[in-house]
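# Here is the input, now give the coordinates:
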Amino acid sequence: VNNFETDLETYLNQNVFVGALSSGTAALHLGLILLEVKPGDEVICQSMTFSASANPIAYLGATPVFIDSEIETWNMCPIALEGAIKDRISKGKKPKAIIPVHLYGMPAKMDEIRAIANQYEIPILEDSAEALGSSYKNQKCGTFGDIAVLSFNGNKIITTSGGGAMVTPTKELKDKAVFLSTQARDNAPHYQHSEIGYNYRMSNICAGIGRGQMEVLDQHVNFRRANHQFYNALFSKIDEVEVLTEPNSDFYSNHWLSAILLASYEQREALRLAFEAENIETRPLWKPMHLQPVFQNAPYYGE
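Below is the predicted model:
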């Protein structure tokens, strides 16, 4: 486990510290705890994402405040973000954290998001679960947040079968995360616990798999980027199809998932069903969190 953490720290190359955990969701949960999110607090979260980005907010009895995406990266819209912060502050509920997501490996507009977070003094918990190997302005995703998370689930760029990691700017934060992930056992000759802990530490077997996977990480990123180039070429002459791609050279996506927009819902369903008839799997994009039944009462800011 220790060596896998070192491998990741070396790869990210930003003087960060990595704690290997049982899942990306566990990392998000512990990240919110380290940011002192409590019951009744509010946490800003990207709406266009998987539920694992939002569920840990509910674990702590806090309320997610969902933010719309912008069209270029499909990630958190800085304009909607600032509008939401101003409105929540006016209601006496200053958010405790911001969770932007690098959706499908596409980096979010981190300069704008970071500037807003700094202006209102709200920490960023960066969800880089899908974006290991992606970068923004030559800085690796997973190193922009006050705390960041990675995932090594079976469908990610590299996998430990199941697993994740927390990325922190200080050793103290990493050590605290590891302490909480190992049942918060105090440094005592007997079993003593002064805080609530969790069984969130990665196993040595999973970490061993991860060390082997690190050797092929760049190769896997290149494979996914080649898939993206294939789809770009395939759809280049079809006006009804728009492929998610980098807005400019500041963005470098691992293209963990290739995604397209079609002109209408009916067109999308017809294409999905045609593929299904040929035993080819496709899937709709994430259903936004503010449209999920479980979060139907949560605030939402956007179109």
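
# In this structure, which helix is the longest?
Secondary structure of the chain per DSSP state H: the longest helix is helix 217-235.

# and that helix, what other elements does it pack with?
Under the contact criterion of 3 or more CB pairs under 8 Å, 6 or more residues apart in numbering; DSSP states H and E, helix 217-235 touches strand 242-243. C-beta: built from backbone N, CA, C; applies to glycine.

# List the strands paired with the strand it packs on, with their directions.
Applying DSSP bridges, strand 242-243 is found paired with strand 260-261 (antiparallel).

# tell me the mean pLDDT over the strand it pairs with?
The average pLDDT for strand 260-261 rounds to 94.

# I'd like the next helix or strand past it.
helix 265-277 (DSSP states H and E).

# which one in the protein is furthest away from the centre?
The centre of the chain is farthest from one residue, P189, which by CA atoms, centre = their mean lies 38.3 Å away.

# Please tell me how far it sits from K176.
P189 sits 22 Å away from K176, going by CB to CB, to the nearest Å.

# What of T282?
Separation of T282 from K176 (CB to CB) stands at 42 Å.

# Mind checking which of these two has more residues around it?
Neighbours per residue, other CB atoms under 10 Å: of T282 and K176, the larger number sits with K176, 19 against 12.

# In this structure that one contacts E36, no?
No: when contacts are counted by CB atoms under 8 Å, K176 is not listed as touching E36 (11.6 Å).

# K38 and I57 touch, don't they?
No: counting by CB under 8 Å, K38 stays clear of I57, with 11.4 Å between them.

# which of those two has more neighbours?
Under the neighbour definition other CB under 10 Å, K38 and I57 were set side by side, and I57 has more, 27 against 11.

# and that one, what element?
With DSSP H and E as the criterion, I57 is inside helix 55-59.

# Need the contact partners of that helix.
Outside of helix 55-59, the residues within contact range by CB atoms under 8 Å, 6 or more residues apart in numbering are T25, L28, H29, G31, L32, V37, V43, C45, T63, P64, I99.

# In it, which of the residues would be classed as buried?
By 16 or more other CB atoms under 10 Å, the buried positions in helix 55-59 come out as N55, P56, I57.

# In the stretch 51-200 of the chain, what residue spans correspond to strands?
When assigned using DSSP state E, counting those that start in this stretch, the strands of the stretch 51-200 of the chain occupy the ranges 63-67, 97-99, 125-127, 135-136, 139-140, 147-151, 164-168.

# quick one: which of these is nearest M289?
Ranking the strands of the stretch 51-200 of the chain by proximity to M289 (CB to CB) places strand 63-67 first, at 5.3 Å.

# Neighbour count added to the contacts of helix 55-59, as JSON lines?
Output for the contacts of helix 55-59, formatted as JSON lines (neighbours: other CB atoms under 10 Å):
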{"residue": "T25", "neighbour count": "22"}
{"residue": "L28", "neighbour count": "29"}
{"residue": "H29", "neighbour count": "25"}
{"residue": "G31", "neighbour count": "27"}
{"residue": "L32", "neighbour count": "23"}
{"residue": "V37", "neighbour count": "24"}
{"residue": "V43", "neighbour count": "23"}
{"residue": "C45", "neighbour count": "30"}
{"residue": "T63", "neighbour count": "20"}
{"residue": "P64", "neighbour count": "25"}
{"residue": "I99", "neighbour count": "26"}
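
# Would you mind listing the two of the residues you listed that lie farthest apart?
Maximum pairwise distance in the contacts of helix 55-59, criterion CB to CB, is 18.3 Å, between T25 and T63.

# May I have stretch 262-275 exported as CSV, CA atoms only?
Extracted C-alpha coordinates of stretch 262-275, given in CSV (Å, rounded to 0.1, in the frame of the first residue of the first chain):
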residue,chain,number,x,y,z
LEU,A,262,-27.4,13.9,-30.7
ALA,A,263,-30.1,16.4,-32.0
SER,A,264,-33.0,14.9,-30.0
TYR,A,265,-34.0,12.4,-27.3
GLU,A,266,-35.9,10.4,-30.0
GLN,A,267,-32.8,10.2,-32.2
ARG,A,268,-30.7,9.0,-29.2
GLU,A,269,-33.1,6.3,-28.3
ALA,A,270,-33.4,5.1,-31.8
LEU,A,271,-29.7,4.8,-32.1
ARG,A,272,-29.3,3.1,-28.7
LEU,A,273,-31.9,0.5,-29.5
ALA,A,274,-30.4,-0.1,-33.0
PHE,A,275,-27.0,-0.8,-31.3
